[in-house]
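Asker: Dropping the sequence and predicted coords here.
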Amino acid sequence: RAAAAPRSEAARLTALCRSLPQVEAAVRSQVGMVYADFEFIKQFPAAIELARSAGMPIALATPRIHMPGENGYHANILKLQPDAVLVRNTGALYYYLKARAERPGEPFPQLIGDFSLNIANHKAASLFTDAGCSLVTPSYDLNVQQMFDLLGSSDTSKLEVVIHQHLPMFHTEHCVYCTFLSEGTDFTNCGRPCEEKRVSLQDRIGMSHPVRVDEGCRNTVYNAIEQSGAEYVGQFMDLGVSSFRVEFLEETAEKVHEVIDLYSDAIAGRISGTRVWRSLKATNQLGVTRGQLVK
C-alpha cells in the first residue's frame, strides 16, 4: 500500500465542457482548469481564446477512438498549444509521447489520462503516470470501495476523480444522425445534420439518452441522468486526492454556475456532499443518482 497521504487543503475543481457557452460560464467560475470536449475541432480555437482571455488553463480532449490515419486530429490539437490534453486512448498517448520526445526543451502540453484508459488498480495508475501522464482518471467501473482500495495503494497526487457526470454508456461507429436524419450513407453525402440537430435514444421507461458525435462520425450515448460522487469527496480528500472534475453535457450556462458553486462549497467543507446531490435533484428536471460509486 502507498504511504498515507495527508488530506489536501488546496483541492481544485476542474470542469469539462461540451459547448462554448459552458466554457464561458466555467472560466468565470472558481475552477482550476477547463476541459473543452467538442464534437468538432473547428470550435477549439474559440474555447482557447475564452480561456486565455480569462487567464485560465485549458485542456483539449481527444476522441475516444483513434483509428489509423487519424493523427491529423492530434496534430491540430498541438498547433493550438493548449495547456493540457485529455488523452482517451493509448494510440493518442503514444502519439503525444512521441511528439514530446521529438521536441526536447520545447513547451509541451500536460498529458492527462482519461477514464477510458481503464485505470482500475494501482499498477495501471503507475503504468500511465510512469509513461508520462501527469494526472490520470480512475475507471468508471469502480464502486466506492474499489475506489478507496485504488486510492489507498496509489500516488493520489496524480489522480483526478470525476465526481459529477452523465455516464457515457457506449460508443459506436454507427451514426444515428446519418441513419435517421439523412438520405446519405456517410459524411461525404449526409449533409452533416449533427451540426444543427440533437438526437436522443429513448429507453423502455421513457428516458431520453443524448447521442453526441465526434470528428470521426462515431457516436457516444450518454445516460440521461447525471451521477454524483459528492458524498465521498471528504473521504477522497482524506486519502490525498486534490483534483476533482465535474463534466457537463447539455447544461445551460446557469446550470454550469450552479453545479460548480455546489461542488466548490462541498470541497471547501461549507456544505455536505449529500446536500449537493439532493440540491441538484431538487432543481434538475431529470435529477441525479448517486452514481456508479455506490456499492
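Answerer: Now that the structure is in, tell me what you want to look at.

Asker: all strands of the stretch 151-295 of the chain, in order?
Answerer: Per DSSP state E, counting those that start in this stretch, the stretch 151-295 of the chain carries strands over the ranges 160-165, 168-172, 199-202, 208-213, 219-222, 226-228, 243-247, 288-289.

Asker: can you list those in JSON lines and add mean pLDDT, distance to Y73 and mean neighbour count?
Answerer: C-beta here means a position set from N, CA and C on the backbone, and glycine is covered the same way. Formatted as JSON lines, those follow (pLDDT from 0 to 100; distance: least, Cβ to Cβ, whole Å; neighbours: other Cβ atoms under 10 Å):
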{"stretch": "strand 160-165", "mean pLDDT": "96", "distance to Y73": "23", "mean neighbour count": "24"}
{"stretch": "strand 168-172", "mean pLDDT": "90", "distance to Y73": "16", "mean neighbour count": "13"}
{"stretch": "strand 199-202", "mean pLDDT": "90", "distance to Y73": "23", "mean neighbour count": "15"}
{"stretch": "strand 208-213", "mean pLDDT": "92", "distance to Y73": "14", "mean neighbour count": "18"}
{"stretch": "strand 219-222", "mean pLDDT": "93", "distance to Y73": "16", "mean neighbour count": "20"}
{"stretch": "strand 226-228", "mean pLDDT": "91", "distance to Y73": "28", "mean neighbour count": "24"}
{"stretch": "strand 243-247", "mean pLDDT": "97", "distance to Y73": "21", "mean neighbour count": "24"}
{"stretch": "strand 288-289", "mean pLDDT": "75", "distance to Y73": "32", "mean neighbour count": "18"}
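
Asker: Point to the helix or strand of the protein where mean pLDDT is at its lowest.
Answerer: The helix or strand of the chain with the poorest confidence is strand 288-289; it has a mean of 75 (mean pLDDT, DSSP states H and E).

Asker: if we can go back for a sec, tell me which of the strands of the stretch 151-295 of the chain approaches A268 most closely.
Answerer: Closest of those to A268 is strand 243-247, at 11.6 Å (criterion: Cβ to Cβ).

Asker: Summarise which helices and strands the closest one is packed against.
Answerer: strand 12-17, strand 160-165, helix 253-267 (3 or more Cβ pairs under 8 Å, 6 or more residues apart in numbering; DSSP states H and E).

Asker: ok, back up a step: now do the least confident helix or strand of the chain: everything it contacts.
Answerer: Defining contact as Cβ atoms under 8 Å, 6 or more residues apart in numbering, one finds that strand 288-289 is touched by 164, 225-228, 277, 280-281.

Asker: Find the residue ranges of this structure scoring beneath the pLDDT cut-off.
Answerer: 1-9, 282-287, 295 (pLDDT under 70).

Asker: Just confirm V34 is within a strand.
Answerer: Yes. Applying DSSP: H, G, I helix; E, B strand; the rest coil, one finds V34 inside a strand.

Asker: from memory it sits against I58, does it?
Answerer: Yes. If you go by Cβ atoms under 8 Å, V34 and I58 touch, sitting 5.1 Å apart.

Asker: what do these two both touch?
Answerer: Common neighbours of V34 and I58 (Cβ under 8 Å, 6+ apart) are 23, 47, 51.

Asker: For ChimeraX, write the select line for the buried members of the residues you listed.
Answerer: Remark: buried members of these, expressed as a ChimeraX selection using 16 or more other Cβ atoms under 10 Å:
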select :23,47,51
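
Asker: if you look at the shared contacts of V34 and I58, which of them are in helices?
Answerer: Residues of the shared contacts of V34 and I58 located in helices (DSSP state H): 23, 47, 51.

Asker: Look up how far E251 lies from the first one.
Answerer: To tie it back to what came earlier, the one meant is V23. To E251, V23 is 12 Å away according to Cβ to Cβ, to the nearest Å.

Asker: shared neighbours of those two, which are they?
Answerer: Joint contacts of V23 and E251 (Cβ under 8 Å, 6+ apart) do not exist.

Asker: Which of the three states applies to the nearest residue to N71 once chain neighbours are set aside?
Answerer: Excluding the flanking residues, the one nearest N71 by Cβ to Cβ, 6 or more residues apart in numbering is Y95, at 5.9 Å. Following three-state DSSP, Y95 is assigned to helix.

Asker: cool, M147 as well?
Answerer: Strictly by three-state DSSP, M147 counts as helix.

Asker: Begin at 49, not 1, for the rest of this chat.
Answerer: Sure, I'll start numbering at 49, so the last one becomes M195.
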